[in-house]
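K.L.:
Show me the folded form of this:
(2 chains)
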Number of protein chains: 2
Amino acid sequence: MEDFEVIEGNVTSPKGFLASGVFAGIKKSKKDFAIIYSEKKANAAAAFTTNKVKAAPVILDREKIANGEAQAIVANSGNANACTGQRGYEDACSMADMAAKHLNIDSGNVLVCSTGVIGVTLPMEKIAKGIELAVQSLSKDGGKEAAEAILTTDTFAKEVAVKFNIKGIEVKIGGIAKGSGMISPNMATMLSFITTDADISKSALDKALKNTVKRSYNMISVDGDMSTNDTVIMLANGVACNPTIEEGTKEYEVFYNALLYVNKYLAKQIAKDGEGATKFMEVNVVNAPTEDDAILAAKSVVNSNLVKTAIFGEDANWGRIIAAVGYSGADFSQDSVDIYLKSNKGLIKVCENGGYVPFSEDKAKEILSEKEISIIIDLNAGKYEALAWGCDLSYDYVKINGSYRT
Amino acid sequence: MEDFEVIEGNVTSPKGFLASGVFAGIKKSKKDFAIIYSEKKANAAAAFTTNKVKAAPVILDREKIANGEAQAIVANSGNANACTGQRGYEDACSMADMAAKHLNIDSGNVLVCSTGVIGVTLPMEKIAKGIELAVQSLSKDGGKEAAEAILTTDTFAKEVAVKFNIKGIEVKIGGIAKGSGMISPNMATMLSFITTDADISKSALDKALKNTVKRSYNMISVDGDMSTNDTVIMLANGVACNPTIEEGTKEYEVFYNALLYVNKYLAKQIAKDGEGATKFMEVNVVNAPTEDDAILAAKSVVNSNLVKTAIFGEDANWGRIIAAVGYSGADFSQDSVDIYLKSNKGLIKVCENGGYVPFSEDKAKEILSEKEISIIIDLNAGKYEALAWGCDLSYDYVKINGSYRT
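P.N.:
The predicted model follows:
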């Protein structure tokens, strides 16, 4: 049994958070501007893309969040403010300054995010309009609109919330995210914003966020390409007034597990909504010698174009799976690997001791006909495991990414 | 001007080599068994897949070639003898032993290669038949048949030869290769066999092969998946009777450049024949701080699904290109990057100082409408360069790999 309960909600479920999502004209017709605002200055942690090419807001936020504090997240879709040089950096600063002025808070506590077209400078008049509208619209029910306003070509909004107790006091964590979308010329960007009313120390928050990001967003793959804008930001405003959560305590574990659920949930939603996806794929590597080996192997399989196309084709092609484990860099012995395929239609072993094992092609086909497929890889080499999530590679992926000219 | 001349030919162009390609019934109807034989024991070097899952012939050949000598290469298509355990290893040994007996040479000097279905043991009766037929058919004109017999779903045979002089004595290098093909359940395998009648020391041969493999086969990508069977083998029988080529000499440089041409030519042919390819793509990273940085950046771009689909869609999407450079691990500054697109229709700059530069969309479209596209990435950070080759990602890639059930 988990120590938390999943509830309906999002970033405005925790106490003391307001949000809004509005249309500022950056995109053609859909909502394109969001603000998440904490009534009280919050402890903050973040994880950013490791791409050496970083968008202006990523460069700015890394500076701003160094002190572990923030009060608002201001985000636009429709323009990524990436590859825009010094002008782009100044625009990101202006965007934060304008929002700070309207919110009447310190600009140092305003984080900015952008997603969309790259190489084009931000339309600052529209950004100014978005800030004005979004500040006016801030409300306790605005989390859903914020979730909608950060989408690009995602097909659905991604939101989640959980509640749990810290020393008898109820606290909540809520989140919204966007996945891989396309605007030409473009790239996919992942954004995720998490709020909590828990009181948690800066160092504990930072550790919990980094460790859960490693096991959630970093374990999903749509196409293996890494964006210039990927950002996860978490705000903890302490409004629930629980005793401050510190590392190394039972309360930290409870908080960590609840946050891990939230981040895994959002990550899986992003994978399910991958460009052109027709099937959701979970890769579970078990009995690895270390967690890092399990992570390497799972990510390699979920990233493999040949595995992705096999899943699209409902083909029990274990050779492609074991080959992807083989080039992953994970430590294992090829003669000890067992591979299983699983779905709501059942479980089947397709590889034993690294080689052929007789199995029913009909049963395999039935299992792979489902929309959600698990690939279980038993390395028989230790006690660690990892989970990774992705989607298949379909004609539509090629269509979405290969024929933007209409 | 190069120090070598390209001639019509293949592995039997150098003196003292015979070859054959025959039908042994492993595949349904096409040639599936090849032998390349040197009349004299040759110095030998090889490069194998770094996949931790290695096919039986790869495991065996690594042992056999440790002494730097070989006299024959025996290869079948239609079955990869991969993921076949101890039985597979014993079958590979038997295949070498049988061939050695028929060729009347030491089994330790017979290398074996397999490509095709994985997880299924070799049909040893057919292998025996193949050996018998192929030994009977060995001839000075057999190189072309050997090139055909190692193909899987490649659409054309890949062969090349060059001649040049070493201290006034004419020597030749010839090669054949196969690229990514598919047999269900399968994976892509690359095989390349190179012969030369040059007299070259074992250490110089090994060095020349490894350094040219790094700059040829290792720089191509069809889908980023690495096979369990990838193998490059080179035999140098010294029949030309030139003074032995040693490292660090002018003659080594001449030999190296000729071999680099041969390996680059075959590597590019493999990229052009990639599964579902409609366009050939060359990525040239220039002015990198080190060659390794240039290699990292070039491979990252040629591997990117988003770049591949953009090329398929004839879309001048420089954002995807700079993002792939960004996550490559190469050292550079994003504000110094210039990107150009080039084809027979001309050259256009699409990114300057890491950002937007005005360019004609019509001109870009015209350039990208060609079958062969160059992407030139100037890091403006040093003096090293690298070339990588690949193909676009098309509907047919998904079709070939995603719908093998007919």
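K.L.:
Could you export the helix or strand of chain A at the bottom of the mean pLDDT ranking as PDB, keeping only the C-alpha atoms?
P.N.:
Scoring the helices and strands of chain A by mean pLDDT, DSSP states H and E places helix A:395-402 at the bottom, with a mean of 74. Extracted C-alpha coordinates of helix A:395-402, given in PDB (Å, rounded to 0.1, in the frame of the first residue of the first chain):
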ATOM      1  CA  TYR A 395       4.200   6.000 -40.400                       C
ATOM      2  CA  ASP A 396       2.600   9.000 -38.600                       C
ATOM      3  CA  TYR A 397       5.900   9.800 -36.900                       C
ATOM      4  CA  VAL A 398       7.500  10.100 -40.300                       C
ATOM      5  CA  LYS A 399       4.500  12.100 -41.600                       C
ATOM      6  CA  ILE A 400       4.500  14.500 -38.600                       C
ATOM      7  CA  ASN A 401       8.200  15.100 -38.800                       C
ATOM      8  CA  GLY A 402       8.900  14.600 -42.500                       C
END
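K.L.:
what about A:Asn380, helix or strand, and which?
P.N.:
A:Asn380 belongs to no helix or strand when elements are defined using DSSP states H and E.
K.L.:
Setting aside sequence neighbours, what's the nearest residue to it?
P.N.:
Closest residue to A:Asn380 apart from its sequence neighbours, by Cβ to Cβ, 6 or more residues apart in numbering or on different chains: A:Ser336 at 4.1 Å. (C-beta placed from N, C-alpha, C; glycine too.)
K.L.:
what does the least confident helix or strand of chain A contact?
P.N.:
Here helix A:395-402 makes contact (Cβ atoms under 8 Å, 6 or more residues apart in numbering or on different chains) with A:153, A:182, A:223, A:274-278, B:305-306, B:309-310, B:312-313, B:315, B:392-395, B:397-399.
K.L.:
Counting neighbours, which of the residues you listed end up buried?
P.N.:
Neighbour counting by 16 or more other Cβ atoms under 10 Å in any protein chain shown classes A:182, A:223, A:274-277, B:305-306, B:309-310, B:312-313, B:315, B:392-395, B:397-399 among the contacts of helix A:395-402 as buried.
K.L.:
Sitting in helices, which of the residues you listed do you find?
P.N.:
Counted as lying in helices by DSSP state H, out of these, are B:305-306, B:309-310, B:312, B:395, B:397-399.
K.L.:
Of all the residues in the stretch 51-200 of chain A, which one is nearest chain B?
P.N.:
As assessed by Cβ to the nearest Cβ, chain B sits closest to A:Val53 within the stretch 51-200 of chain A, at 3.1 Å.
K.L.:
Phi and psi next, for that residue.
P.N.:
phi -90, psi 110 (degrees, to the nearest 10).
K.L.:
ok, now which ones touch A:Gly78?
P.N.:
A:26-27, A:32, A:115-117, A:152, A:183.
K.L.:
Give me the phi and psi for it.
P.N.:
Per-residue torsions, A:Gly78: phi 100, psi -20 (degrees, to the nearest 10).
K.L.:
Give me the distance between the residue of the stretch 51-200 of chain A closest to chain B and B:Leu379.
P.N.:
According to Cβ to Cβ, to the nearest Å, A:Val53 stands 12 Å off from B:Leu379.
K.L.:
Which residues are in contact with each of those two?
P.N.:
Residues touching both A:Val53 and B:Leu379 (Cβ under 8 Å, 6+ apart) are B:Val325.
K.L.:
When those two are compared, which one has more neighbours?
P.N.:
Using other Cβ atoms under 10 Å in any protein chain shown as the criterion, A:Val53 and B:Leu379 rank with A:Val53 on top: 28 against 24.
K.L.:
For the closest residue to the more buried one other than its chain neighbours, grab phi and psi.
P.N.:
The shortest distance from A:Val53 to any non-neighbouring residue, by Cβ to Cβ, 6+ apart, is to B:Gly326 (3.1 Å). Backbone torsions for B:Gly326, taken as degrees, to the nearest 10, come to phi -60, psi -40.
K.L.:
who touches B:Gly326 in this structure?
P.N.:
A:51-54, A:226, A:228, B:334.
K.L.:
so where's the stretch 151-300 of chain A shaky on pLDDT?
P.N.:
Counting by pLDDT under 70, the ranges of the stretch 151-300 of chain A that qualify are A:180-188, A:222-226.
K.L.:
Which parts of it are strands?
P.N.:
With strands called from DSSP state E, counting those that start in this stretch, the stretch 151-300 of chain A shows them at A:158-166, A:169-178, A:191-196, A:220-221, A:231-236, A:280-288.
K.L.:
Now render those strands as CSV, adding distance to chain B.
P.N.:
Output for those, formatted as CSV (distance: least, Cβ to the nearest Cβ, whole Å):
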stretch, distance to chain B
strand A:158-166, 22
strand A:169-178, 17
strand A:191-196, 16
strand A:220-221, 10
strand A:231-236, 15
strand A:280-288, 13
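K.L.:
Out of those strands, the one nearest B:Tyr265 is which?
P.N.:
Closest approach to B:Tyr265 among the strands of the stretch 151-300 of chain A (Cβ to Cβ): strand A:220-221, 34.1 Å.
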